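In: Build the 3D model from these lines:
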Amino acid sequence: MLKELRNLLAFLTIIPVGMTEDYLIDSAKHMPLFPLVGAFIGFLAGVFAWLLHQALPRRIVGALTLGFIQMITGLHHVDGLLDFGDGLMVHGPPKKKIEAMHDRHVGAGGLTLGLITLLTSILCIAGLSVNMIIQSLVVSETSAKLSMVVGAWTGRSAHEGMNTYFISAMHDRHRNKRLLLALMISFSIALCLLWIEGTLAVASSIITSLAMVGISNRHFKGLTGDVFGAMNELARMASLLTILAVVKWI
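Out: Okay, the predicted model is just below:
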């Protein structure tokens, strides 16, 4: 089990824990544990943000903290977000849209979606109080990773690729148990750390994931690896927005 956990951490981060040749198979098989890795990433980011709060203005803390998260995850999900935005803006059949997603150049659609998502996330982190910033980042990263699990459980593959491993793993005979495990982990973390705000943040990430599955089915006839990356980024943003909204409302 230790090998599988190392492969899972190596797949989702750039932390040098070492990985074996079958890291992709292990990561797909243990996809329900994605939220745990998300919680770990969020904790690291939360401590980083808390330390920055002692010396820097809020907006700077927000920008540097999101940069820290992107750095530790290797910018993989942001790349997917930009490609997803480009794919949505292309007119034509799904094949043409997917080709645009695989283009090495970033278009207007990807740039716009990326800027809006990243800037909103930065401002959300900047709006968190220092007393709850660690808890909020743990919950938001947990939610971001849960969104990919929900997406794999709900969606279908648009083409053969890395996404196929995860979608296949979440569609085997234990698919409902796998989803239940991921949900239990995510809601348990959220309830323990933020109670109502956390619960609603996780719920918002699930809604975001389901919405993206619907959008992807319409535009691409299924999910791709880029869509999973975009899910992560958009679900993080949605969960952070939810936390701020609920705190203000309460």
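In: Surely Leu24 and Thr164 touch.
Out: No - judged on C-beta atoms under 8 Å, Leu24 makes no contact with Thr164 at a distance of 10.1 Å. All C-beta spots, glycine's among them, are computed from the backbone N, C-alpha and C.
In: Comparing those two, which residue is more hemmed in?
Out: Thr164 (18 against 14; other C-beta atoms under 10 Å).
In: element containing that one, please.
Out: Using DSSP states H and E, Thr164 sits within helix 162-169.
In: pLDDT (mean, whole number) over that helix?
Out: For helix 162-169, the mean per-residue pLDDT is 89.
In: for whichever helix or strand comes after that helix, which positions count as buried?
Out: Downstream of helix 162-169, the first helix or strand assigned by DSSP H and E is helix 175-194. Using 16 or more other C-beta atoms under 10 Å as the test for burial, helix 175-194 gives Arg178, Leu179, Leu181, Ala182, Leu183, Ile185, Ser186, Phe187, Ile189, Ala190, Leu193, Leu194.
In: ok so, going back, flag every buried residue along the helix holding Thr164.
Out: Asn163, Thr164, Tyr165, Phe166, Ile167, Ala169.
In: Gly67 and Ala182, how far apart?
Out: According to C-beta to C-beta, to the nearest Å, Gly67 and Ala182 sit 27 Å apart.
In: gap between the residue of the chain positioned farthest from its centre and Asn131?
Out: Distance from the centre of the chain peaks at Ala55, with 28.7 Å (C-alpha atoms, centre = their mean). Separation of Ala55 from Asn131 (C-beta to C-beta) stands at 17 Å.
In: pLDDT weak spots in this protein?
Out: For the chain, applying pLDDT under 70 flags the ranges 1.
In: related to what we said a few turns ago, touching the helix holding Thr164 from outside, list them.
Out: 24-25, 27-29, 31, 148, 152, 155-157, 178, 223-225, 227-228 (C-beta atoms under 8 Å, 6 or more residues apart in numbering).
In: can you give me the helices for this protein?
Out: 2-12, 23-29, 34-53, 58-72, 76-89, 94-102, 108-127, 133-154, 162-169, 175-194, 196-220, 225-249 (DSSP state H).
In: Show me what the last one is packed up against.
Out: Here helix 225-249 is seen to pack against helix 76-89, helix 108-127, helix 133-154, helix 162-169, helix 196-220 when contacts are counted using 3 or more C-beta pairs under 8 Å, 6 or more residues apart in numbering; DSSP states H and E.
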